[in-house]
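J.: Structure for the following, please:
(chains A and B)
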Protein chains: 2
Amino acid sequence: MSTKIISPQHRSEFDQRQWARLINSVSGFKSANLIGTISPEGNSNLCVVSSVVHLGSNPPLLGYVSRPHSEESPRHTLMNIESSGEFTVNMVTQSVFKKAHQTSARYKRGESEFEAVGLEELFLDGCPVPFVKESPLKMHLSLRKVYPIPENSTFFVIGEIKTIHVDSSSILDDGYVDIEALGAVCISGLDGYHSTQRLARMEYAKPDREPVEREI
Amino acid sequence: MSTKIISPQHRSEFDQRQWARLINSVSGFKSANLIGTISPEGNSNLCVVSSVVHLGSNPPLLGYVSRPHSEESPRHTLMNIESSGEFTVNMVTQSVFKKAHQTSARYKRGESEFEAVGLEELFLDGCPVPFVKESPLKMHLSLRKVYPIPENSTFFVIGEIKTIHVDSSSILDDGYVDIEALGAVCISGLDGYHSTQRLARMEYAKPDREPVEREI
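T.: Numbers count the residues shown, from 1 in each chain, chains lettered A, B, ... in the order given. The predicted model follows:
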């Protein structure tokens, strides 16, 4: 095993795509979600996103990173979220990850990724934005804020969770949702999809005792 | 299988900790990293973080969410990053995840989590902030910006990757780093740690063809 050291001066050893794959890999595993939106014209849109993060529980907030707008690749999802103020976040599972990945293809503005990739859209309880029927954990969020990140022209998009639809047997007594049992996958780099195997749940850590595994 | 619907009006069915575990679970799997910093007094600090996300490759930027400051739980990591302008991000693997979790205990300001949990600090190549020796992927970052998120008093902290130290055999020809082969773990909820099993790498998706698995 030999250690490679990569600094700005090694940037030229990598072409643009290699560099993007490298930097996309190093932050660790990523969440895999499908964001569902609707355009002002009423067209559904669906987009796989690997940057959804937990922001806080009170209020229940999630964030995700939207790539920069460009002429060749306008950000339909963000445009739709900004116009309607609402979106859905749907867990990607082992049984649909290939279809989820396919939503990253550059479909035209009016084309529904639901139809193109073969996932079923579902409108529930008066929610105006589409859920993914195949997803065992579906959430309806309202937009709270879009923070432009001028450092690289991305956007940090913050939404508040309004409703969660989830298989009740996956919620354990202490509130933890067993997302592994639901078949959730995680992502590495730009294109790696992984199933998981739980190693342990850990008790709340305290300074005066050793780490303790939690009963599940 | 029955679906549970959780809306704001169901909030009262959960106590505060159950609610936090629930909301922390629903965004999917999280990255597992240890952030290393140094205080103005020269004391090392180490903190497990599950919110590191990829922000962009050019320049190479990562972000993470820092919880709010409070009197009972001041954010030593963020204080140190703001004073020195530098930090390290170190991959958490299967062999050290319990020690990594233990860094979340509330140690006193002057106490080094490295020593308390039994991880070895390492200073490399003149970098003034400590790496985790046991980690097979270590990065040195400089602070680019701290965005306050007034929606819930958190902070979105953005750093630029200066140096990556990684086992060279884990970098594939196309730039992808095989973080599964390095033993990286992912996190669910507040306390679940998982190993992974790769399902596939997918080719860049195009509108006019079916999803294609990539040769690894």
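J.: Would you map the helices across chain A?
T.: Counting by DSSP state H, chain A has helices at residues A:16-25, A:76-84, A:97-102, A:113-117.
J.: Can you check which of those helices gets nearest to B:Glu215?
T.: B:Glu215 lies closest, by Cβ to Cβ, to one member of the helices of chain A: helix A:16-25, at 14.4 Å. Bear in mind the C-beta positions are built from the backbone N, C-alpha and C, glycine included.
J.: Now do the strands in chain A.
T.: In chain A, the segments counted as strands under DSSP state E are A:3-6, A:30-31, A:33-38, A:44-49, A:53-56, A:61-66, A:86-91, A:121-122, A:131-132, A:137-149, A:154-167, A:186-188, A:192-201.
J.: I'd like the ones you listed laid out as TSV, including distance to chain B.
T.: Putting those into TSV (distance: least, Cβ to the nearest Cβ, whole Å) gives the following:
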stretch	distance to chain B
strand A:3-6	4
strand A:30-31	3
strand A:33-38	6
strand A:44-49	9
strand A:53-56	4
strand A:61-66	5
strand A:86-91	6
strand A:121-122	11
strand A:131-132	11
strand A:137-149	5
strand A:154-167	4
strand A:186-188	4
strand A:192-201	4
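J.: export the ones you listed to CSV and tack on mean pLDDT and mean neighbour count?
T.: Listed next are the strands of chain A as CSV, based on pLDDT from 0 to 100; neighbours: other Cβ atoms under 10 Å in any protein chain shown:
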stretch, mean pLDDT, mean neighbour count
strand A:3-6, 94, 16
strand A:30-31, 98, 28
strand A:33-38, 98, 26
strand A:44-49, 96, 23
strand A:53-56, 98, 24
strand A:61-66, 98, 24
strand A:86-91, 98, 26
strand A:121-122, 98, 18
strand A:131-132, 98, 26
strand A:137-149, 98, 19
strand A:154-167, 97, 21
strand A:186-188, 98, 27
strand A:192-201, 98, 19
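J.: ok, now how distant is the closest residue to A:Ile179 other than its chain neighbours from A:Ser27?
T.: Spatial nearest neighbour of A:Ile179, excluding adjacent residues (Cβ to Cβ, 6 or more residues apart in numbering or on different chains): B:Ser188 at 5.3 Å. Remark: distance between B:Ser188 and A:Ser27 (Cβ to Cβ, to the nearest Å) = 17 Å.
J.: do A:Ser50 as well
T.: Counting by Cβ to Cβ, the gap from A:Ser50 to A:Ser27 is 10 Å.
J.: hey, what's in contact with both of the two?
T.: The contact sets of A:Ser50 and A:Ser27 overlap at B:His54 (Cβ atoms under 8 Å, 6 or more residues apart in numbering or on different chains).
J.: now, of the helices of chain A, which is deepest in the fold?
T.: Highest mean neighbour count among the helices of chain A (mean count of other Cβ atoms under 10 Å in any protein chain shown): helix A:97-102, with a mean of 24.
J.: Against which helices or strands is that helix packed?
T.: Contact partners of helix A:97-102 among helices and strands, from 3 or more Cβ pairs under 8 Å, 6 or more residues apart in numbering or on different chains; DSSP states H and E: helix A:113-117, strand B:192-201.
J.: Identify all contacting residues around it.
T.: Contacts of helix A:97-102 with the rest of the structure, by Cβ under 8 Å, 6+ apart, involve A:32, A:34, A:48, A:92, A:113, A:116-119, A:185, A:191, A:193, B:199-200, B:202, B:205, B:210-211.
J.: And stretch A:107-122, by the same measure?
T.: With contacts defined as Cβ under 8 Å, 6+ apart, stretch A:107-122 is touched by A:34, A:36, A:39, A:41, A:43-47, A:74, A:76, A:96, A:99-100, A:102-103, A:105, A:130-134, A:138, B:207.
J.: And that stretch, end to end?
T.: End-to-end distance for stretch A:107-122: 20 Å, by Cα to Cα, to the nearest Å.
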